[in-house]
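> give me a model of this one.
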Amino acid sequence: MSSPSAPDPSRRTVLATGSALGGTLLASGLPLTQATAADRTEATRPAGNPWRTVLDDADLVWQRMPTAWYEGPFLGNGLLGSGIYAEPGAASTAVRFNIQHSEVQDHRPEFGSLFGLARLPIGYFTLEPVGAVTGLDWRLSLHDAELTGTLTTDKGTLALRALIHNDRSVLAVEVTASEGERGFRWVFHPADAISPRAAFKPLPDGYQGNPPAQVADHDGITAAVQPLLAGGQHVTAWRERARGRTRTLYAHVAHSHPGTTALGRALKAVRRTEQLPYSALAVDHRAWWHAYYRKSFLSLPDARIQRFYWIQLYKTASAARRDAPVMATSGPWLEPTPWPNTWWNLNAQLEYWLIHGSNHLELDAITRALSEFRDNLAQETPTPYRADSLGIPRTTDPQLVNGAASSLMGYGVGVPGQDPPTPEVGNLTWALHNVWLSYRHTMDGSILQDVLFPLLRKAINYYLHFLEPGPDGKLHLPATFSPEYGGDSRDCNYDLMLLTWGCRTLLDTAQLLGVDDPLAPRWREVLAKRAPYPTDDNGFMIGADIPFAKSHRHYSHLLAVYPLYEVTGRTPDERALIERSLAHWVGFEGALQGYTFTGAASMSALLGKGEDALGYLGELMTRFIQPNTMYKESGPVIETPLSAAQSLHDMVCQSWGGVIRVFPALPAAWADLVLHDFRTQGAFLLGARRENGATRWVRLVSEAGAPCVVRHGIAGPVDVRDGQGRPLRHVDLGDGAVQIPLRKGASALITAKGDRPDLTVAPVRPNEEAPRWGLPRV
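Predicted coordinates:
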């Protein structure tokens, strides 16, 4: 495939939206196409239920007993989470159903975010059959977000169905036992309420775990009440209801601090839910999930990767909601980990990238949390700079608090030119790039005005305190830290790249909002005079003082390439710099990890190298992805598989720089591919189909009336028609790109001239069979 470079409209035009900010600019001057009530008549048409087809195909299956969280089924709703696998040391006699919750944490800031504010383990149920387990046959239905199947023992069988209800946050497990297994039982095991980091690191002086949970009956509902030394409690309440030969377990978790209201809320949740049989409880739960999946569609001929992709969409909705905490390193499924909170120097950003293209902004907790807890960010900023600056610590709790800072307890916001603490200062600016992506994919002006501009202004202001002119007349940064390379460097690329993106975005945003900001001259000065990104013969350096000279999993020194798209290969020299830097980075074995390969795949996609991108994803799948598509390093971390889904997005569509690039980096083996309602920057919903290695049609619906420039990939002359088949005026920009004036709600269909292709949306045929994810029979 060719390089995805294309005409680059001005950033002002790129960012503008007629609906939200009062005026869309189009260089062509063409009149906007007026949307009509019938504008979707020439629309893509789903064939049957393509979502059900691809989701059923992607179901995970188990014919062998999973022995760890990385192998087993997982359920969740952004708050409550359960991982299911054999009880360690008792695989033939018990199955563990973990119970964890993303809001359950400690509240002792004096011990930092990794001990005193850490997520706390809650406990687990064991399903204990009468006989010894001899086999199982389980299926995790993505479509219904339910686990179903049988557990076979030498005494009989247990047929089970399990879900975590989307709205009620209740784990419901229905078990129907054969005669010999009528005596099976459930047992709850409270966990020690201590930071999981205690199993990996020494305890801070004075730190101790919380007292044991107290288990008691409350009018037929059992509750394990976990008191907290800091005040408050978390409570697991449950009840088992028998209906004929079927018994159903209902369990709920509640947390409160500093009060003790969790017990009452947990009991109430179980009491109002256990009246419903499982089948009745499942109705609205399934309805939510069915509607969730229908927001977009993607099918490609690699069966293994297509299944992986849909599992990531299931995983994301199991782990994230707008009003749930920003995902911690392992999502809601807390397991033994040295990282029991939210990480902001890569993890959180990567966790949420896929929500944009897949059209799931309802899961955007980052924008909500940064807005809601901005006052806490001010308190985390070093005292001399709090009046006009903001930063985010490397590690925080759900309220964006780190508390006491040390390399043991939690990493606060550093100060350029000082160490200790580690001068890691760019994390908030990077997190705000996620907010910017949410704005660009929705063109929601309130995100720009209420969240991005005020927070980014203060994040960049923190840098401005430290920029100093050098003898060369350039503006330089004192030594800062590039995650996670080690060592501090002047003119660290991580920070220079984020500073550049931030100043450019502030100027664009101020113009869009009509703000005459007194800092605008300073932002322009930074763009004109900042030191160039340090490079050497191998490409981008860590900083002016540190070359890239060892294996390093993080692409902190390459952010201008990806995801910021500030350096994109527009010239031969720039392209060569990217290629040289990428090859040098991945050429050091030893410390590379899974997200190394997702970053490399996305950078390759930027360069139009589909074969390379697929190769990097293949390395990820072979070397790092676990049987249930989870991922681990020293402990469980969730960002890497989710970012792999974004790498796939980058191969099938890119929309940076105001140009929608359709199929910019596909490997030759992906000759057939279908997209439907894929969300792009500019708030367009994209549909497209590729057949036999050629793009047949591209369809765009404008939600905001933003400028529409599309590189369609269709060879030769094209027709551009509206939703009723009428020709649309457009400008041919050359190199396979057209500019189409579309009002909010209007659509455009692009085809080869004279072609009238079938617009049916249906799964493509796989190139070859592939094993299912899970633990299928060998």
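> only C-alpha atoms for contact and neighbour calcs from this point on.
Will do.
> wait, isn't residue 546 in contact with residue 486?
No. Under the criterion of Cα atoms under 8 Å, residue 546 lies out of contact with residue 486, with a separation of 9.6 Å.
> between the two, who's got more neighbours?
Applying other Cα atoms under 10 Å to residue 546 and residue 486 shows that residue 546 carries more neighbours, namely 17 against 12.
> list the contacts for the more buried one?
Residues touching residue 546, when contacts are defined by Cα atoms under 8 Å, 6 or more residues apart in numbering, comprise 487, 489.
> how about a cut-off of 7 Å?
By Cα atoms under 7 Å, 6 or more residues apart in numbering, residue 546 lies in contact with residue 489.
> how near is it to residue 493?
Going from residue 546 to residue 493 by Cα to Cα, to the nearest Å gives 10 Å.
> just residue 605 next, same as before
Residue 605 is 22 Å from residue 493, by Cα to Cα.
> am I right that residue 150 is in contact with residue 134?
No. Shown here, residue 150 and residue 134 do not form a contact pair, counting by Cα atoms under 7 Å, at 11.1 Å.
> how many other residues sit next to residue 484?
15.
> what pLDDT does the nearest residue to it once chain neighbours are set aside get?
By the measure of Cα to Cα, 6 or more residues apart in numbering, the closest residue to residue 484 outside its immediate chain neighbours is residue 554, 6.4 Å from it. Predicted confidence (pLDDT) for residue 554: 93.
> count the residues that sit near residue 554.
Taking other Cα under 10 Å as the criterion, the count of residues near residue 554 is 21.
> which residues sit in contact with it?
If a contact means Cα under 7 Å, 6+ apart, then residue 554 has 483, 484, 596 as its contacts.
> end-to-end on stretch 121-140?
Across its full length, stretch 121-140 reaches 24 Å end to end, with Cα to Cα as the criterion.
> pLDDT (mean, whole number) over that stretch?
Along stretch 121-140, the predicted local confidence has a mean pLDDT of 98.
> in terms of contact, does residue 520 touch residue 508 like I think?
No. With the criterion set as Cα under 7 Å, residue 520 and residue 508 do not qualify as a contacting pair; they are 10.1 Å apart.
> need the distance between the two termini of stretch 440-456.
For stretch 440-456, the separation between the terminal residues is 15 Å (Cα to Cα).
> buried residues, that stretch. List them.
Of the residues in stretch 440-456, those buried under the neighbour-count criterion (16 or more other Cα atoms under 10 Å) are 440-445, 447-449, 451-453, 455-456.
> cool, stretch 599-614 as well?
Residues of stretch 599-614 classed as buried under the neighbour-count rule (16+ other Cα under 10 Å) are 599-614.
> please pull out the lowest mean pLDDT helix or strand from the protein.
Per-element confidence for the chain was summarised using mean pLDDT, DSSP states H and E. The lowest value among helices and strands belongs to helix 18-21, with a mean of 36.
> can you tell me how far residue 126 is from residue 91?
Taken as Cα to Cα, the spacing of residue 126 relative to residue 91 amounts to 11 Å.
> same drill for these two, tell me which one is more crowded.
When residue 126 is set against residue 91 and neighbours are counted by other Cα under 10 Å, the residue ahead is residue 126, at 20 against 17.
> hey, what's the more buried one bridged with?
residue 96, residue 187 (DSSP bridges).
> please enumerate the helices of the stretch 201-350 of the chain.
When secondary structure is read from DSSP state H, counting those that start in this stretch, the stretch 201-350 of the chain shows helices at 262-273, 278-293, 303-319, 347-352.
> any idea which of those gets closest to residue 748?
Closest to residue 748 of those, according to Cα to Cα: helix 278-293, at 24.0 Å.
> what's the angle from the closest one to helix 303-319?
Angle between the axes of helix 278-293 and helix 303-319 is 110 degrees (criterion: axes from the mean of the first three to the mean of the last three Cα atoms, to 10 degrees).
> how about the CA coordinates for helix 278-293, as CSV?
Coordinates of the C-alpha atoms in helix 278-293 are reproduced here as CSV (Å, rounded to 0.1, in the frame of the first residue of the first chain):
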residue,chain,number,x,y,z
TYR,A,278,-32.2,-15.9,36.0
SER,A,279,-34.0,-15.9,32.7
ALA,A,280,-36.0,-12.7,33.7
LEU,A,281,-32.8,-11.0,34.9
ALA,A,282,-31.0,-11.7,31.7
VAL,A,283,-33.6,-9.9,29.4
ASP,A,284,-32.6,-6.3,29.9
HIS,A,285,-28.9,-7.3,30.4
ARG,A,286,-28.8,-8.9,27.0
ALA,A,287,-30.7,-6.0,25.4
TRP,A,288,-28.0,-3.6,26.6
TRP,A,289,-25.2,-5.7,25.1
HIS,A,290,-27.0,-6.3,21.8
ALA,A,291,-27.4,-2.5,21.4
TYR,A,292,-23.8,-1.9,22.4
TYR,A,293,-22.4,-4.1,19.6
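> would you agree residue 331 is in contact with residue 319?
Yes. Here residue 331 lies in contact with residue 319, judged by Cα under 7 Å, at a distance of 5.4 Å.
> looking at the two, which one has more neighbours?
For residue 331 against residue 319, the residue with the higher neighbour count under other Cα under 10 Å is residue 331, and the figures read 31 against 28.
> list the contacts for the more buried one?
The neighbours of residue 331, taking Cα under 7 Å, 6+ apart as the test, are 319, 638.
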